[in-house]
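Engineer: dropping a prediction and its sequence here:
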Amino acid sequence: MGNVVVSSVQVRRRLPAVEERLTRPRRLVRELPDLDAGRLHRLIRGGDLAPCFDAAEDAGDGRAEECPICFYFYPSLNRSKCCGKGICTECFLQLMPSKTSKAVHCPFCKTKSYAIEYRGAQPTSEKKIKQQGEQKVNESKLRIHSKSQIAGKISLP
């Protein structure tokens, strides 16, 4: 009476197929000697890491996101687990420590043990909120700058 039997099978999210060419980095600035191509392929195919999308010089249709490290635009980016900032897969690979180096801090908020997750494309509502926040910061900077100029003119003889 009202009891429901739940299966113990884990439901995996349905992922869109990733083209084979998008599982290999093409724009690395430095050679990564300990890059495990097989693991990278599995992480991208499994949806844990953003594909190595083709980079664009501009936003195009406005849906693309800009990587703050390389300044190229991509359909979607990985997100820092600590602060939520976006980063492309190829920049992330170059930031990650090699077997001989120390742990990496987040390049954005400096949190120890930098880690990312891939959530897919950023929703339009989230982009709007981000743009509004950036606009408020820019307006605040302008107000502070104009106030400091006014204060400088008043103090001059």
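Structural biologist: Looks like it came in fine. Numbering: from 1, shown residues only.

Engineer: in the chain, what helix or strand scores lowest on average pLDDT?
Structural biologist: One helix or strand of the chain scores below all others by mean pLDDT, DSSP states H and E: helix 124-155, with a mean of 74.

Engineer: for P75, give me its contacts.
Structural biologist: F53, R63, A64, E65, A121 (C-beta atoms under 8 Å, 6 or more residues apart in numbering). (C-beta placed from N, C-alpha, C; glycine too.)

Engineer: skipping adjacent residues, who's closest to the third one in space?
Structural biologist: Right, A64. The shortest distance from A64 to any non-neighbouring residue, by C-beta to C-beta, 6 or more residues apart in numbering, is to F73 (3.8 Å).

Engineer: and that neighbour, how many neighbours does it have?
Structural biologist: Using other C-beta atoms under 10 Å, F73 has 21 other residues around it.

Engineer: same check on Q94?
Structural biologist: 17.

Engineer: for the helix or strand containing it, buried residues please.
Structural biologist: Using DSSP states H and E, Q94 sits in helix 89-95. Neighbour-count burial for helix 89-95 flags T89, E90, C91, F92, L93, Q94 (criterion: 16 or more other C-beta atoms under 10 Å).

Engineer: got the confidence number for F92?
Structural biologist: We have a pLDDT of 91 for F92.

Engineer: that one against A115, yeah?
Structural biologist: No. At 9.9 Å, F92 does not count as touching A115 under the criterion of C-beta atoms under 8 Å.

Engineer: can you pull out the strands in this protein?
Structural biologist: Along the chain, counting by DSSP state E, strands occupy 65-66, 73-74, 78-80, 86-87, 116-118.

Engineer: which other helices and strands contact the first one?
Structural biologist: Under the contact criterion of 3 or more C-beta pairs under 8 Å, 6 or more residues apart in numbering; DSSP states H and E, the helices and strands touching strand 65-66 comprise strand 73-74.

Engineer: at 10 Å instead, please
Structural biologist: strand 73-74, strand 86-87 (3 or more C-beta pairs under 10 Å, 6 or more residues apart in numbering; DSSP states H and E).

Engineer: as a markdown table, these with mean pLDDT and distance to K102 would be great.
Structural biologist: Shown next, in a markdown table, are these (pLDDT from 0 to 100; distance: least, C-beta to C-beta, whole Å):
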| stretch | mean pLDDT | distance to K102 |
| --- | --- | --- |
| strand 73-74 | 92 | 28 |
| strand 86-87 | 93 | 19 |
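
Engineer: how about the spatially most central residue of the chain, nearest residue that isn't a chain neighbour?
Structural biologist: The centre of the chain sits closest to G86, judged by C-alpha atoms, centre = their mean, with a distance of 1.8 Å. Nearest-residue entry for G86: L77, 3.4 Å, with adjacent residues in sequence omitted and distances by C-beta to C-beta, 6+ apart.
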